[in-house]
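> Here is my input, please return the structure:
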Amino acid sequence: MANEHWRPAFACLGITDPLVAWLVYRGEMVSAPSAHHTAWSFWHSSHMEVLSSGRADRYQREVVLELFRQEEFPNKVGRLAGFYCFPDEAAARRASVRWGSAAFRMDQLAEIALSPASRVSVHDATWISRGLSVEDKDWMRRYWNGDLTDDPVLEVIVDGRAYILGTTLRAEARRVVAATWPNSLPLLELARVAAWLQSDLGLIAAMPRWQPDGARFDYFMNFQDATDEEFLERLRGYVGPANREDMPSNAELVLPDLQSRGFILPWGPAGSPGA
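Take a look at the predicted model:
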């Protein structure tokens, strides 16, 4: 973490959702493409869940913006694939005041460090929040180009990884997980140590499956390294911080109930989700 190429940033992390709380305590933010080639970001899957309840306008706007990016700015990080943060605390506070959303609560703000291997795009979110027409391509071009409005709120879109710094928000995240999945605390602590050891064990990601009745979205936990001898050797030799109360030597590893978080988006009349 002392490497000067680790880029500082700030992120508002909605830990009232136990899925997000799990990832926050684990200590790492991972974009969907970095998690798995079929994974969807939490941002994208949440749009799908809203779409399944009949609210399509916001998602359709995102799709138009994404298609425009693919056509004219393919080297920029996509909003539906990356994760979001702010370049500094001041930008986060501006967003909280401007948008007043529960997703941008200052008590859920955390400092993060972006991996030097991450791809990063910086944009002025005001272009989007002004609610300009999807037929007007000029504002989309200016957004993706990184142009600033007269009242900018800068957002950073990241394809890659970031460590979540500090312990205050992460301790609160652990309490959320404990209240929801108390039997899974040993696995949560193992996931935290795994992230420290640069393993994706315990990472949760949303993945779609295309079924006859619609698109099924489920959340899956990565266990690939559970049988990897090289990782297991590093785990046996781990001497860093650990919550031994949560992870005693004889602890049973119980999966959190991810199945209940899945949902189906029925096929629309045109044969696509919500069409």
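> the strands in this protein, which residues?
According to DSSP state E, the chain carries its strands in the segments 7-12, 28-30, 83-85, 109-114, 119-124, 154-159, 161-164, 204-211, 214-221, 263-266.
> Nearest to residue 93, out of those strands?
Nearest to residue 93 among the strands of the chain is strand 109-114; the distance by C-beta to C-beta comes to 8.4 Å. The way it works is simple: take the backbone N, C-alpha and C, and place the C-beta from them, glycine included.
> where do the helices sit along the stretch 101-250 of the chain?
Remark: helices assigned in the stretch 101-250 of the chain by DSSP state H, counting those that start in this stretch are 126-129, 137-145, 168-180, 185-196, 229-236.
> would you list the ones you listed in JSON lines and tack on mean neighbour count?
Formatted as JSON lines, those follow (neighbours: other C-beta atoms under 10 Å):
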{"stretch": "helix 126-129", "mean neighbour count": "19"}
{"stretch": "helix 137-145", "mean neighbour count": "16"}
{"stretch": "helix 168-180", "mean neighbour count": "17"}
{"stretch": "helix 185-196", "mean neighbour count": "22"}
{"stretch": "helix 229-236", "mean neighbour count": "12"}
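> Compare the mean pLDDT across those and name the weakest.
Across the helices of the stretch 101-250 of the chain, helix 126-129 has the smallest mean pLDDT, namely a mean of 90.
> Touching that helix from outside, list them.
65, 98, 99, 139, 140, 142, 143, 147, 149, 151, 152, 153 (C-beta atoms under 8 Å, 6 or more residues apart in numbering).
> I'd guessed the last one sits against residue 95; true?
So that's residue 153. Yes. Contact criterion C-beta atoms under 8 Å: residue 153 and residue 95 qualify, at 5.1 Å.
> out of the helices of the stretch 101-250 of the chain, nearest to residue 29?
Using C-beta to C-beta, the helices of the stretch 101-250 of the chain put helix 185-196 closest to residue 29, at 10.2 Å.
> re earlier: between the contacts of helix 126-129, which is nearest residue 75?
For the contacts of helix 126-129, the closest approach to residue 75 (C-beta to C-beta) belongs to residue 143, at 14.7 Å.
> That closest one and residue 68, how far apart?
9 Å (C-beta to C-beta, to the nearest Å).
> tell me which strands and helices the helix or strand of the chain with the lowest mean pLDDT is in contact with?
In the chain, no helix or strand scores lower on mean pLDDT, DSSP states H and E than helix 42-52, which sits at a mean of 81. With contacts defined as 3 or more C-beta pairs under 8 Å, 6 or more residues apart in numbering; DSSP states H and E, helix 42-52 has these neighbours: helix 57-72, strand 83-85, strand 204-211, strand 214-221, strand 263-266.
> contacts for stretch 15-30?
Contact partners of stretch 15-30, identified using C-beta under 8 Å, 6+ apart, comprise 11, 13-14, 42, 83, 85, 102, 108, 110, 112, 158, 161-164, 169-170, 172-174, 176-177, 179-181, 188, 191-192, 194-196, 200, 202-205, 219, 256, 258, 261.
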